[in-house]
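Novice: sequence first, predicted coordinates after that:
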Amino acid sequence: MLLLNHHPDHLKPLDPRDAETLGLAAADEVERFLAERHNHRETPLHRLEGLAASLGVKSIHVKDESFRLGLNSFKALGGSYAVIRLVLEEASKALGRAVDVKELQSADVRRVAGAMTVGCATDGNHGRSVAMGARMVGARAMIFVHSGVSDERVEAIRQCGAEIIQVEGSYDDSVAEAERVCAEKGWIVVSDTSWPGYERIPALVMQGYLALLAESARDWPEQPTHVFVQAGVGGLAAAVAGHFAVRFGADRPRFAVVEPDRAACLFESAKAGEPLKIEPGEPTIMAMLECYEPSLVAWRVLSRAADAFMTISEEDAAETMRILAAPKAGDPAIVAGESGAAALAGLRAALQDPEVQRSLGLDASSRIFVINTEGATDQARYAAIVGRRPDEVLAAA
């Protein structure tokens, strides 16, 4: 299902706060921070020539975040970056001078970090990122997980040194509980979603994602004409749409937000013309996108910079996972989790509907950019959908 953006702010300039957070200088600073991480490697940008030909578009490029910082997800860029920024700010206050990221492992900074506790709610990957950032600097991490988070994902968070707090209900319930408990304990909430009065830290999380966009822009042979990005609360989608609005101005690509039809809070918000909380329904296999209320910062950006909102089915995501695992001749095999495959699933769904295709201006000259946001973060579920384990997919490539 497709909904074009008819919000009165559509195509207006970004709010100055968001333009600064998501601009070119911010991307440079994020990359400078990232260069200080010992396991940093740029992730690959795959060109899928065979798939592009079969779908009738000029090119498809996939930024493969399944290789990011050992986390298997783009989320490695956001939560840990925000934690590092917060620690450096606290150290600057304590030491009475500006403290740079190059001093992160100094005794003075680690002493400050050791007195700090950060907390967040997660579907899995954001919590691991926050926990990784906390462990890197010597802070304590308390991660709130709801009942839908698999045991494998919970254990992966615990392995990053975090303490786990179980919460009954949905992701949104865990967000509320994290906010309540952290306020009571004096812990710092490092959330990837925002609400009234809480915007700066989620904006830092979004800012961390800019690294993957700066890398992609250096590697493209041609600027894309269309970008499809999956969304939960909307942080990544807003980072991409906002950054490209700044980077390309009036020549920016057309931008479509892709959500599960079982958890389409941004789609429904676009329909209502304002951020809207929707009622939870049947769970989606796209667990990392199963969110029922948009981030206010993300909505502010997307109401201006997104051109369309669309939903996909469970089978759309599953079939796209299988296509990436058994690629067309000449294309690389890509291990994409259920949420990771969602953006490409959106493109495939759009091209199967002539009316949607026309609405988005998709044709044989279209150059598509999508992000594989995660690999197989739940390997048992991946194998059940694809029919092979991730290592078998890559070994057969």
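Specialist: Here it is on my side, so go on.
Novice: confidence score at residue 62?
Specialist: pLDDT, residue 62: 98.
Novice: and if you look at residue 81?
Specialist: The model's pLDDT for residue 81 equals 97.
Novice: that one - how many residues pack around it?
Specialist: Counted with other C-beta atoms under 10 Å, residues neighbouring residue 81 total 27. The C-beta positions use only the backbone N, C-alpha and C, and glycine is treated the same way.
Novice: find the residue at the geometric middle of the protein.
Specialist: Closest residue to the average C-alpha location of the chain: residue 236 at 3.9 Å, with C-alpha atoms, centre = their mean.
Novice: could you pull up the mean pLDDT of whichever helix or strand that one is part of?
Specialist: Residue 236 belongs to helix 235-248 when assigned by DSSP states H and E. Across helix 235-248, the average pLDDT comes to 98.
Novice: sorry, back to before: for the residue nearest to the centre of the chain, which non-adjacent residue is closest in space?
Specialist: Nearest non-adjacent residue to residue 236, counting by C-beta to C-beta, 6 or more residues apart in numbering: residue 209, 5.6 Å away.
Novice: so how far is residue 226 from the one you found?
Specialist: For residue 209, the distance to residue 226 (C-beta to C-beta, to the nearest Å) stands at 19 Å.
Novice: out of those two, which sits in the busier spot?
Specialist: Using other C-beta under 10 Å as the criterion, residue 209 and residue 226 rank with residue 209 on top: 28 against 22.
Novice: what separation do you get for that one and residue 180?
Specialist: According to C-beta to C-beta, residue 209 stands 27 Å off from residue 180.
Novice: likewise for residue 155?
Specialist: Computed with C-beta to C-beta, the distance linking residue 155 and residue 180 is 25 Å.
Novice: again, but for residue 201
Specialist: 16 Å.
Novice: those two: which has the busier surroundings?
Specialist: residue 201 (22 against 12).
Novice: so who does the residue nearest to residue 236 touch?
Specialist: Contacts for residue 209 (C-beta atoms under 8 Å, 6 or more residues apart in numbering) come out as 74, 77, 78, 235, 236, 239, 240.
Novice: kindly report the same for residue 184.
Specialist: Here residue 184 is in contact with no residue (C-beta under 8 Å, 6+ apart).
Novice: the strand or helix carrying it: what's the following helix or strand?
Specialist: According to DSSP H and E, residue 184 maps onto helix 171-185. Counting by DSSP H and E, the next helix or strand C-terminal to helix 171-185 is strand 188-189.
Novice: so how far is that following strand from its chain's centroid?
Specialist: How far strand 188-189 lies from its chain's middle: 20 Å, per C-alpha atoms, centre = their mean, to the nearest Å.
Novice: for it, which strands pair with it and how are they oriented?
Specialist: Paired strands of strand 188-189, with direction, are strand 117-122 (parallel) (DSSP bridges).
Novice: average pLDDT across the helix or strand following the strand it pairs with?
Specialist: Beyond strand 117-122 on the C-terminal side, the first helix or strand identified by DSSP H and E is helix 125-137. For helix 125-137, mean pLDDT is 93.
Novice: ok, stretch 270-279 next?
Specialist: Computed over stretch 270-279, the average pLDDT equals 96.
Novice: tell me the gap between it and the middle of its chain.
Specialist: 20 Å.
Novice: and residue 344, that's in a helix?
Specialist: Yes. Under DSSP: H, G, I helix; E, B strand; the rest coil, residue 344 sits within a helix.
Novice: I'd say it and residue 62 touch.
Specialist: Yes. Contact criterion C-beta atoms under 8 Å: residue 344 and residue 62 qualify, at 6.9 Å.
Novice: common neighbours of those two, please.
Specialist: Common contact partners of residue 344 and residue 62 (C-beta under 8 Å, 6+ apart): 370, 372.
Novice: so which of those two has more stuff around it?
Specialist: Of the pair residue 344 and residue 62, residue 344 is the one with more neighbours under other C-beta under 10 Å, namely 30 against 26.
Novice: ok, now how distant is the more buried one from residue 57?
Specialist: Per C-beta to C-beta, residue 344 is found 12 Å from residue 57.
Novice: now do the longest helix along the chain: which elements does it pack against?
Specialist: For the chain, the helix with the greatest residue count under DSSP state H is helix 79-95. Applying 3 or more C-beta pairs under 8 Å, 6 or more residues apart in numbering; DSSP states H and E, one finds that helix 79-95 makes contact with helix 24-34, helix 107-114, strand 117-122, helix 125-137, helix 200-208.
Novice: turn these into a markdown table, including distance to residue 278.
Specialist: Shown next, in a markdown table, are those (distance: least, C-beta to C-beta, whole Å):
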| stretch | distance to residue 278 |
| --- | --- |
| helix 24-34 | 31 |
| helix 107-114 | 38 |
| strand 117-122 | 18 |
| helix 125-137 | 20 |
| helix 200-208 | 20 |
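Novice: how about the ones you listed, which one is nearest residue 288?
Specialist: Closest to residue 288 of the helices and strands packed on helix 79-95, according to C-beta to C-beta: helix 125-137, at 6.2 Å.
Novice: how about stretch 390-397: buried residues?
Specialist: For stretch 390-397, a neighbour-count test (16 or more other C-beta atoms under 10 Å) marks 390, 393 as buried.
Novice: residues touching residue 8, list them.
Specialist: By C-beta under 8 Å, 6+ apart, the residues touching residue 8 are residue 273.
Novice: how about it, secondary structure?
Specialist: Going by three-state DSSP: residue 8 is coil.
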